[in-house]
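Q: Compute the structure for the input listed below.
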Amino acid sequence: MKIEFFGATKTVTGSCFLITTNGQKILIDCGLFQEDEKEYLNYEPFPFNPRKVDLMVLTHAHLDHSALVPKLFKEGFRGKIITTPATRDLLGIMLFDALKVQRNEHYKQPLYDEENIQKAIKKIEALPYGKILTFDGIYIRLLDAGHILGSASVEIEINEKKIVFSGDIGRTGYPILRDPSPPEKADFLIVESTYGNRLHKSLDDSINELLQAIKDTFRMGGNVVIPAFAVGRTQDLLYILNRAVRQGLIEPINVYLDSPLAEEATKIYLSHPEVFDDEALREMRNPKKTSLKLHFVKSVDESKKLNNIKSNAVIIAGSGMCQGGRIAYHLYHNIDREECSIIFVGFQAKGTLGRKIVDGEKMVSILGKMMPVKAKVYTIGGFSAHADQEELLNWIGNIKSKPEVFLVHGEESVIENFKQTIESKLGLNCLIPDRLSSYELK
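A: Numbers count the residues shown, from 1 in each chain. Presented below is the predicted three-dimensional model:
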């Protein structure tokens with residue numbers, strides 16, 4: 001039994017791992033590389049033969065885990081895709097939107113076409129949390145990862161050995177979704193490390209900081225611009241702002257959701273209450289009239305009209321790392337205004353425009369023009385949908401066995417730090433794989 005690592009090694013994006021056993025090949029995720037220095041890898045042929053892959057398991061719909069799935073079909077994959085019902089529903093809108101971005105933005109050429117996407121969607125077989133799929137003597141089970149709607153950790157049992165892929169692990173006590181469910185046992189654990197070196201602020205502190213930032217910005221006569229991931233973070237923000245208005249923590253505010261993808265994703269969220277936590281279910285069952293003034297911005301013309309709004313607007317748009325999408329235009333019209341604010345509520349990968357702004361660069365290139373960063377920049381880590389170091393350690397520590405650990409999905413310095421922490425606190429042996437590395441699992 002062998003595992004090969006094709007992405008998310010010493011970097012956060014590009015999730016892709018291959019298990020080979022008893023003549024069968026199972027691929028876990030097939031995601032986009034989003035760091036500038038690694039984007040070229042998206043255009044190269046896969047370092048394995050897609051025609052020889054028998055089955056694919058998808059942890060969730062975020063593009064760094066899913067966006068190259070149609071390319072698999074373009075290069076010959078014809079197997080099934082196993083994922084949760086909610087991820088199946090999200091995947092269609094995510095992939096078609098990704099293709100639109102590829103055509104409209106900075107990509108050299110689209111990585112695939114509509115036919116490849118349709119082939120992928122037709123091959124999805126939904127597997128609810130906790131159910132076991134048997135595949136040629138191999139047992140596969142999906143566990144709730146609590147990261148975004150439908151996100152899963154993957155448990156694969158082969159010859160009485162359990163291999164677990166964490167996927168992206170969510171927060172404990174976070175809005176809407178249930179808490180992550182760790183596996184009971186694992187012999188080999190491939191675990192994400194995105195925030196393996198830090199602790200998030202508490203959710204209450206983060207909400208207070210968000211509300212205060214909005215109040216301060218409006219008092220100065222500016223707008224709040226929030227780059228947000230269309231799936232997950234946007235729904236969390238709308239839920240939190242809606243509740244804050246109901247509770248009287250903030251006056252009624254105008255929120256412009258300038259993301260057709262986020263609007264579609266919100267509808268899919270509402271169609272899957274089976275994965276909601278108790279608080280979110282109570283909110284759905286007992287809806288109250290709210291004063292949150294939510295505006296769905298659909299067309300490009302409607303989006304452009306937002307440029308005329310100079311104050312008292314919260315504009316939420318994608319992409320979450322500012323790598324294309326409508327957020328670029330809102331940054332262009334607000335980033336050089338001292339009275340405005342930019343609030344980052346999610347991870348910003350190295351090389352992205354979002355990371356450059358977060359890191360304090362005074363001039364950044366937006367839409368081909370160098371722009372001064374005069375707006376106030378907030379980074380509120382408590383809204384991250386990724387578990388922090390303590391939550392990751394708790395998730396791993398709840399596994400009753402002593403697995404061998406492979407650390408992925410993290411910047412190299414973060415992974416090195418997390419390796420030392422796991423080994424000292426949990427006494428587990430940790431490996432940090434390189435891209436294209438392979439390991440025999442015995």
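Q: Distance from the chain centre to stretch 372-380, please.
A: Put simply, stretch 372-380 sits 23 Å off its chain's centre (Cα atoms, centre = their mean, to the nearest Å).
Q: For that stretch, which residues meet the burial criterion?
A: Buried residues in stretch 372-380, counted by 16 or more other Cβ atoms under 10 Å: 373, 375-376, 378-380. Every C-beta, even on glycine, is put in place using the N, C-alpha and C of the backbone.
Q: Quick test: name the residue nearest the centre of this protein.
A: His62 (4.6 Å; Cα atoms, centre = their mean).
Q: need the contact list for it.
A: Under the criterion of Cβ atoms under 8 Å, 6 or more residues apart in numbering, the neighbours of His62 are 31, 94, 148, 168, 229, 231-232.
Q: go with 7 Å
A: Contacts here follow Cβ atoms under 7 Å, 6 or more residues apart in numbering; on that basis His62 touches 148, 231.
Q: Can you pull the phi/psi pair for it?
A: Backbone torsions for His62, taken as degrees, to the nearest 10, come to phi -60, psi 140.
Q: per-residue pLDDT, it?
A: As summarised for this prediction, His62 has a pLDDT of 93.
Q: Mark which of the buried residues of stretch 372-380 are part of strands, please.
A: 376, 378-379 (DSSP state E).
Q: Tell me which stretches of this structure form helices.
A: Listed in chain order, the helices found in the chain under DSSP state H are 63-66, 69-74, 85-104, 114-122, 203-220, 233-246, 260-270, 278-285, 300-305, 327-334, 353-358, 389-397, 412-425.
Q: Where among those helices is average confidence lowest?
A: helix 278-285 (a mean of 78).
Q: That helix vs helix 260-270, what angle?
A: Put simply, helix 278-285 runs at 100 degrees to helix 260-270, going by axes from the mean of the first three to the mean of the last three Cα atoms, to 10 degrees.
Q: Okay, domains of this structure per the record?
A: Described in terms of automatic domain parsing, the domain architecture of the chain consists of the residue ranges 2-198+385-440, 203-383.
Q: mind checking the end-to-end distance for the shortest one?
A: This means domain 203-383. As for domain 203-383, its first-to-last residue distance stands at 7 Å under the measure Cα to Cα, to the nearest Å.
Q: ok, back up a step: for the residue nearest to the centre of the chain, give its distance to Glu390.
A: As for His62, its distance to Glu390 is 23 Å (criterion: Cβ to Cβ, to the nearest Å).
Q: related to what we said a few turns ago, tell me which of the helices of the chain lies nearest to Gly320.
A: helix 233-246 (6.4 Å; Cβ to Cβ).
Q: Give me the contact list for the closest one.
A: With Cβ under 7 Å, 6+ apart as the criterion, helix 233-246 contacts 175-176, 207, 211, 226, 228, 250, 252, 255, 257, 259, 262, 265-266, 269, 288, 290-292, 294, 316, 320, 345-346, 383, 385.
Q: Output it as CSV, nothing but the C-alphas.
A: In CSV, the C-alpha atoms belonging to helix 233-246 read as follows (Å, rounded to 0.1, in the frame of the first residue of the first chain):
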residue,chain,number,x,y,z
ARG,A,233,-17.4,32.6,5.0
THR,A,234,-20.1,34.6,3.3
GLN,A,235,-22.9,32.6,4.8
ASP,A,236,-21.2,32.9,8.3
LEU,A,237,-20.9,36.7,8.0
LEU,A,238,-24.5,37.1,6.9
TYR,A,239,-25.7,34.9,9.8
ILE,A,240,-23.5,36.9,12.3
LEU,A,241,-24.5,40.3,11.0
ASN,A,242,-28.1,39.4,10.9
ARG,A,243,-28.0,38.2,14.5
ALA,A,244,-26.1,41.3,15.6
VAL,A,245,-28.9,43.5,14.2
ARG,A,246,-31.6,41.4,15.9
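Q: Can you list the buried residues in that helix?
A: 233-245.
Q: go on, stretch 388-396?
A: Result for stretch 388-396 [16+ other Cβ under 10 Å]: buried residues 388-389, 391-393, 395-396.
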